[in-house]
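Engineer: structure, please.
(2 chains, ligands or ions: 3)
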Amino acid sequence: MNEPGEENIVLEGFLCPICKVDFGLDLKLFLHFQEAHSEDQDLVKSFKDLFGKAKEKILKNDIGKKEERHYVWEPQEIGEVQSHFEYFKHCRNKWVEHFVMETNKTVVRLEKLLCNLPQDPNKRKIHEQTIVHWLDGTDVTRCPDCTKSFNITRRQHHCRLCGSIVCHECSCFLPLSKAYETINEPGKNPMNSIAQSLPSFRLCVHCGEVLENREQTKYRDQKPLMCDYYDKIVECRNKIENDLLIKFNQTYNLLKEGESSYLTEANKIRSDIVKLAETIDALSNRILKLENDTNSSNVTTKNIRLAMIQCVQSTVLAIPALPSLKEIEEIAQRKREVAEARLRNGQDTNKPKMSPSVSKRHNTQKNEIKLILEDGWSPVTNANVNSENPVVEQMNIIKNYIKQAKEAYRFDEVASLERNLQELNEEYFKMQNGSRNMSDYSTKN
Amino acid sequence: MDLIQAVKLYIIKMTEDCGPGMKVLLMDKTTTSIVSAVFSQSEILQREVYLFEQLTSTSSSDSMYHMKCITFLRPTSENISLVCKELRNPRYGYYYIYFSNIISKTDIKTIAESDIQEVVREVQEYYADYLAISPHLFSLNIPSCGQCLSWDPLQLTRSTQGIISVLLSLKKNPLIRFQASSKMSKQLAEKIKVIFSKEENLFNLKQGDIQPQLLILDRREDPVTPLLMPWSYQAMVHELLTINNNQVDLSHIEDIKPDFKKVLLCAEQDDLYKQNMYKNFGEIGEIMKSLIDDFKSKAKNHQKLDTISDMKAFVENYPQFKKMSGTVAKHVIIMEQLSCYVTKKNLLEVSELQQQIACDIQSSQHTQKIRELIEKNIPDEEASKLVMLYALKSFSKDSNRELTSLIQLLKSKKVSEHWIELVHDVMKFQSKIILDNENTLKNAKQITKRFYKVKIFHY
Ligand SMILES: [Zn+2]
Ligand SMILES: [Zn+2]
Ligand SMILES: [Zn+2]
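Structural biologist: Ligands and ions are numbered 1, 2, ... in the order given. This is a model prediction of the structure:
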């Protein structure tokens, strides 16, 4: 690999766009361009007539059958990415450790405060001060949080948990009942009703936040009813997409090959899919009908409903109606006739077995095609088989052409012939809708 | 190297990274338009994203812990502090944070220290920091990037970031080439170069045999082209009706159907548009006609369809046709508008004269023709554009006198002051160029430039 440093040299100057030599001056470059690359001068000349032609086109609409230019974009992988998560975790761990320690310290203090808390206000104040050392306020002239100076109207207050001094605006209150909850002993409060009326703890904003954060994490695992419904929807979707649709397509293909014994099973799978789709529809409707307390939840439920309607629609589109028993038997009948015809012609001693396995059938197909080519099946000898369909005849002719073209190394023609063949193939699939003799030709060779 | 695909792949990856479950997409104003440029609502809903939120200082406080939050933001200092605020009081279950460009270690640390509840599961740089308009065209939605011929420093940074993200999203480490005559091009090239060497590891990319080139050109080098009338479909729609974030506003049309007040012109979702956006006006008319003819023959109707208004009438009279091909109806309405403007503004004649002025250096006959057209009361902008073109293309002493009299004519036709000022600006710009370069030198550059253009398309 090249050195990135060297690769990124910024070139500047009057560079010739073709040979990338710097000519230093506009004029020199101009002269060089005239001498060395005169063929490109056509660009300049042709520009003048351009409009005349364009105008004609605009007015007269004479569009010739010109070659369409289609850009084919190469398959693309995701661009560069850079993860910072390791560094992020490193920074977070340090900080969280510090924070957890602080939280624990705060909670332990709260426990001590609540243990044998006196009801009498004066005794209570002494109790509080023996647990937490209160900062001496004589030298504190300003609130450390908002930096406003203390005076008669803005008085000093102590945080009961850390002893620091704040003003009224920078403090908050922790009700006693909540305090007991915080230390996980709501039952241990003997005078629950009295505790309600007792004054709360005054806290600084910092200590308040620490406790608040601890509280919040408790509720994080609660899930609304919507989630249950949604999980069920996802379950149904997975069942349809990863299981039933695959099974359905397999049996559907077997039916199209005349295997009537699969009709009951196919019907069952089909009705299972429809039932699940109905369940999805009903569940998403129930989500929509849920009482939501916030605007965001309302938007979310509406969007879930919308997404599920789309999902149900595309599922239903993916399962076509099944052929009737009569149609399947007709396919089987045609197949039998073809096989018999082949036996009579002595072309095929290797009669294809009716195997339920799809992969096995593919193998036999390939063998047959080989036989066809090696035996030099020509459109004439197979007239009895092919006359029933001109497309097959056409396909055989093209196959023959391809073979000849390959021998002559005319690969561009091979490509275009193969495109033709592909189109015919598709056409034939549409017409025959899955009869057996068609699949002899379905693989390109 | 499809830009739309590049942005899409990033966003798909975001929705996959966080696994199954209900998701919310938290964005800023810019990333919202980046995402909506490449994804339709139904597409993104199928990826389990059910809520779209913009991160602002006034975001709602609705908490939904059962949702995973994909946070996709530009790495601005404002966004960093907003993310910190969000993480201190997280509203959603887990956060998967993606920045659209390179972010500093310090910012990562700041965010990490706000994540006390440990809700962040991912922090990545995904370089989707541009609006992918089409597979080969992006925009940064900067209305004006400079003033008085030099960069607005903020926009220089934004442009650098934009180009860096385009390169990283396409995994390209190019050779930078720029137009040396432009100071702005040079500054941009140098800024990009600085980032290349600073982020050596990021740009240590596997390259093919041929190193790609990043070509930086100054649009001012060619002031002529923007003054010319374009005739290809997309360009015409933009010139005459204006395309904004893939949308065309048609609400000014009298008795327009509510469905068509604002129409989406998006090649990703509209095959008819995708196939025809670069075809010229006449061709599109023909295609529309044949589409409708085709339907007509099926419907066994014998209405005449020779003009675009006939077509419009036809489409409106066929509800089932409208249902069958709403897109065709949309394009027919747009085409009708375009053709209406072409007639009303005399654009065929104007355009022909524009081309003659642009290509022909002898200007003696042009002033007469410009006068004739202005007398025909063509719109202000077309009249002024013709005079501007003339100003850019005439170098003789006579032409100054001619210009003065043309401006006089504009004034007598009550052309608005704004346009007259623009004509004066162009004249000033032109005289500066004449001072800077001799004519011959200028020609040489134009050849080079033309070649550059060809190269851009290859890239
Ligand atoms: Zn050269
Ligand atoms: Zn305070
Ligand atoms: Zn405190």
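Engineer: from residue B:117, how far out is residue A:209?
Structural biologist: When distance is defined by C-beta to C-beta, to the nearest Å, residue A:209 is 12 Å away from residue B:117. Using the backbone N, CA and C atoms, a C-beta is placed for each residue, glycine as well.
Engineer: ok, residue B:13 next?
Structural biologist: Counting by C-beta to C-beta - residue B:13 and residue B:117 are separated by 25 Å.
Engineer: neighbour count: those two, which is higher?
Structural biologist: When neighbours are counted by other C-beta atoms under 10 Å in any protein chain shown, residue B:13 and residue B:117 differ, and residue B:117 comes out ahead with 18 against 15.
Engineer: how far away is the more buried one from residue A:212?
Structural biologist: As defined by C-beta to C-beta, residue B:117 lies at a distance of 11 Å from residue A:212.
Engineer: burial count for residue B:233?
Structural biologist: Residues near residue B:233, counting by other C-beta under 10 Å, number 24.
Engineer: repeat for the one 5 residues further on
Structural biologist: The burial count assigned to residue B:238 is 15, neighbours taken as other C-beta under 10 Å.
Engineer: in a helix, it, correct?
Structural biologist: Yes: looking at residue B:238 with DSSP: H, G, I helix; E, B strand; the rest coil, it is inside a helix.
Engineer: any idea how far it lies from residue A:142?
Structural biologist: For residue B:238 relative to residue A:142 (C-beta to C-beta), the value is 61 Å.
Engineer: next one: residue A:92
Structural biologist: Taken as C-beta to C-beta, the spacing of residue A:92 relative to residue A:142 amounts to 33 Å.
Engineer: which ones are touching residue B:25?
Structural biologist: Listed by C-beta atoms under 8 Å, 6 or more residues apart in numbering or on different chains, the contact set of residue B:25 reads B:35, B:44, B:49, B:51-53, B:70, B:72.
Engineer: swap the cut-off to 6 Å and go again
Structural biologist: Applying C-beta atoms under 6 Å, 6 or more residues apart in numbering or on different chains, one finds that residue B:25 lies in contact with B:49, B:52, B:70.
Engineer: what do you get for residue B:168?
Structural biologist: Under the contact definition (C-beta under 6 Å, 6+ apart), the residues listed for residue B:168 are A:79-80, B:127.
Engineer: 7 Å - rerun?
Structural biologist: If a contact means C-beta atoms under 7 Å, 6 or more residues apart in numbering or on different chains, then residue B:168 has A:79-80, B:127, B:202 as its contacts.
Engineer: cool, and residue B:281?
Structural biologist: If a contact means C-beta under 7 Å, 6+ apart, then residue B:281 has A:58, B:231, B:233, B:236, B:338 as its contacts.
Engineer: where do the strands of the chain begin and end?
Structural biologist: Since you didn't name a chain, this refers to chain A. Counting by DSSP state E, chain A has these strands, from start to end: A:81-83, A:157-158, A:165-166, A:171-174, A:201-204.
Engineer: try again with chain B
Structural biologist: Counting by DSSP E, chain B has these strands, from start to end: B:23-27, B:49-54, B:64-73, B:92-99, B:120-126, B:131-134, B:137-139, B:146-147, B:150-151, B:175-178, B:213-216, B:243-244, B:247-249, B:262-264.
Engineer: nearest to ligand 1, out of those strands?
Structural biologist: Each of the strands of chain B has some distance to ligand 1 by C-beta to the ion; the shortest is strand B:175-178, at 14.6 Å.
Engineer: run through who's touching stretch B:77-93.
Structural biologist: For stretch B:77-93, the external contacting residues (C-beta under 7 Å, 6+ apart) are B:24, B:28, B:55, B:57, B:61-69, B:71, B:73, B:95, B:97, B:107, B:110-111, B:114-115, B:117, B:119-120.
Engineer: give me the low-pLDDT residue ranges for the stretch 351-459 of chain B?
Structural biologist: With pLDDT under 70 as the threshold, the stretch 351-459 of chain B has low-confidence stretches at B:361-363, B:395-397, B:436-459.
Engineer: please repeat the previous calculation with a cut-off of 90.
Structural biologist: When residues are selected by pLDDT under 90, those of the stretch 351-459 of chain B lie in B:351-381, B:389-406, B:413-418, B:421-422, B:424-459.
Engineer: and the residue of it nearest ligand 2?
Structural biologist: Nearest residue of the stretch 351-459 of chain B to ligand 2 (C-beta to the ion) works out as residue B:418 at 54.6 Å.
Engineer: same check on the stretch 201-350 of chain B?
Structural biologist: Per C-beta to the ion, the residue of the stretch 201-350 of chain B with the smallest distance to ligand 2 is residue B:202, at 45.8 Å.
Engineer: and the stretch 251-400 of chain A, by the same measure?
Structural biologist: For the stretch 251-400 of chain A and ligand 2, the shortest gap (C-beta to the ion) falls at residue A:294, measuring 32.3 Å.
Engineer: what about that residue, distance to residue B:427?
Structural biologist: Relative to residue B:427, residue A:294 is positioned 60 Å away (C-beta to C-beta).
Engineer: which one's more surrounded, these two?
Structural biologist: For residue A:294 against residue B:427, the residue with the higher neighbour count under other C-beta under 10 Å is residue B:427, and the figures read 18 against 13.
Engineer: state the distance from that one to residue B:108.
Structural biologist: Distance, residue B:427 to residue B:108, using C-beta to C-beta: 52 Å.
Engineer: then residue B:336?
Structural biologist: In this view, residue B:336 and residue B:108 are 54 Å apart by C-beta to C-beta.
Engineer: cool, and residue A:180?
Structural biologist: To residue B:108, residue A:180 is 40 Å away according to C-beta to C-beta.
Engineer: same check, this time on residue A:150
Structural biologist: Separation of residue A:150 from residue B:108 (C-beta to C-beta) stands at 39 Å.
Engineer: with neighbour numbers in mind, choose between those two.
Structural biologist: Applying other C-beta under 10 Å to residue A:150 and residue B:108 shows that residue B:108 carries more neighbours, namely 21 against 16.
Engineer: wait, that one sits on residue A:84?
Structural biologist: Yes: under the criterion of C-beta atoms under 7 Å, residue B:108 makes contact with residue A:84 at 5.0 Å.
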